[in-house]
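Trainee: what follows is a predicted structure for the sequence shown.
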Amino acid sequence: MRKEDKKEVKNYKAIFFDFGGTLMDAESDNIAHFHMMKAVIKKYNLPASPEDLVIRYNSFLFTKDMTLLEVNPQEKSFTPLLKSTKRAFEGILSKYDITPSIEDFYWFKELYFENHKKYIKLFPETFEIIEQIRNNDSIHLGIISDIDNDYMDFQFNVFGIKEMFDSITTSEEVQIYKPEAKIFQVALNKAKCQGEESIMVGDSYKKDIIGGKNMGMTTIWINTFSGDNTDKNKADFIVTHLKETFPILNNLIK
Ligand SMILES: [Mg+2]
């Protein structure tokens, strides 16, 4: 859906994608968590269902639209994923008066990577969209993600997509989360362009769309979670699935 007809024709130089929930299927993340929780229940013999434990685990990690919680929202400073998953692990066990040992934390870290490697999936359209954009030599293709460098490295290597991007800008690198201007500015510097010359695609209205729009970027919101399009006027385009961004992007960069 195009909200307004802009008369000006822009010469776009860069397209940036969010990763989690945008190129990567957030539901597959939940499946990885489900299998992790099954193992936690077995190890500690917990009287809980994996479904309930996933809800509890996610509540320590994510906001309701599945974007990472800031540990300290006032400062919005970066917290390593290892630290947040450790906190979530402690959180789920605290209900059963269990305090995990250092060995338990190592076990959980292994469990985390093992299950994310096994279950995390990209959306089926992701490769096609990336390749289509890469066909256009004049467009810089980047990632802007609230992610850790080691997790990004791990996950992008699992998918074999790391080399496909001209730049990857992470919250760990910048030590701040979206929608703070700094992370977008660092990404724009890498692309050597202005906000007005770029497009931001993401599933979080608060992080990707507000953050992108504040920098003057053209924004495409993949509204997967809320189903509510009201008062979301910073999105230039609103779609419900990644595949719908394809014709919009093609049209913008042709
Ligand atoms: Mg996201």
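Mentor: Looks like it arrived, so ask away.

Trainee: please count neighbours and contacts with C-alpha atoms only from this point.
Mentor: Noted.

Trainee: residue 219 belongs to a strand?
Mentor: Yes. Using DSSP: H, G, I helix; E, B strand; the rest coil, the secondary structure at residue 219 is a strand.

Trainee: could we number from 18 for the rest of this?
Mentor: Sounds good: first residue 18 from here, last item residue 236.

Trainee: who in this protein is up against the ion?
Mentor: Proximity of the chain to the ion is assessed by C-alpha under 5 Å from the ion, with 37-38, 220 identified as the residues in range.

Trainee: hmm, 8 Å instead?
Mentor: For the chain, the residues in contact with the ion under the definition C-alpha under 8 Å from the ion are 35-39, 83-84, 162, 219-221, 225.

Trainee: what would those look like in JSON lines with neighbour count and pLDDT?
Mentor: Putting those into JSON lines (neighbours: other C-alpha atoms under 10 Å; pLDDT from 0 to 100) gives the following:
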{"residue": "35", "neighbour count": "25", "pLDDT": "97"}
{"residue": "36", "neighbour count": "20", "pLDDT": "96"}
{"residue": "37", "neighbour count": "21", "pLDDT": "92"}
{"residue": "38", "neighbour count": "24", "pLDDT": "92"}
{"residue": "39", "neighbour count": "22", "pLDDT": "95"}
{"residue": "83", "neighbour count": "19", "pLDDT": "60"}
{"residue": "84", "neighbour count": "17", "pLDDT": "67"}
{"residue": "162", "neighbour count": "25", "pLDDT": "95"}
{"residue": "219", "neighbour count": "26", "pLDDT": "96"}
{"residue": "220", "neighbour count": "29", "pLDDT": "93"}
{"residue": "221", "neighbour count": "25", "pLDDT": "90"}
{"residue": "225", "neighbour count": "28", "pLDDT": "95"}
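
Trainee: can you put those in JSON lines and add secondary structure?
Mentor: Formatted as JSON lines, the entries for the residues of the chain next to the ion read as follows, by three-state DSSP:
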{"residue": "35", "secondary structure": "coil"}
{"residue": "36", "secondary structure": "coil"}
{"residue": "37", "secondary structure": "strand"}
{"residue": "38", "secondary structure": "coil"}
{"residue": "39", "secondary structure": "coil"}
{"residue": "83", "secondary structure": "coil"}
{"residue": "84", "secondary structure": "coil"}
{"residue": "162", "secondary structure": "strand"}
{"residue": "219", "secondary structure": "strand"}
{"residue": "220", "secondary structure": "coil"}
{"residue": "221", "secondary structure": "coil"}
{"residue": "225", "secondary structure": "helix"}
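
Trainee: can I get these in TSV with distance to residue 139?
Mentor: As requested, these are arranged in TSV below (distance: C-alpha to C-alpha, whole Å):
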residue	distance to residue 139
35	12
36	9
37	9
38	9
39	9
83	16
84	16
162	15
219	14
220	14
221	17
225	19
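
Trainee: in the stretch 168-271 of the chain, which spans are helices?
Mentor: Taking DSSP state H, counting those that start in this stretch, the helices of the stretch 168-271 of the chain run over residues 188-191, 198-208, 227-231, 262-270.

Trainee: swap that for the stretch 18-167 of the chain, sorry
Mentor: With DSSP H, counting those that start in this stretch applied, the stretch 18-167 of the chain shows helices at 43-61, 67-78, 98-111, 119-136, 143-151, 166-176, listed in chain order.

Trainee: tell me which residues of the second one come out buried.
Mentor: If I follow you right, that is helix 67-78. 67-68, 70-71, 73-78 (16 or more other C-alpha atoms under 10 Å).

Trainee: how about residue 98, what does it touch?
Mentor: The neighbourhood of residue 98, defined by C-alpha atoms under 8 Å, 6 or more residues apart in numbering, consists of 164-165.
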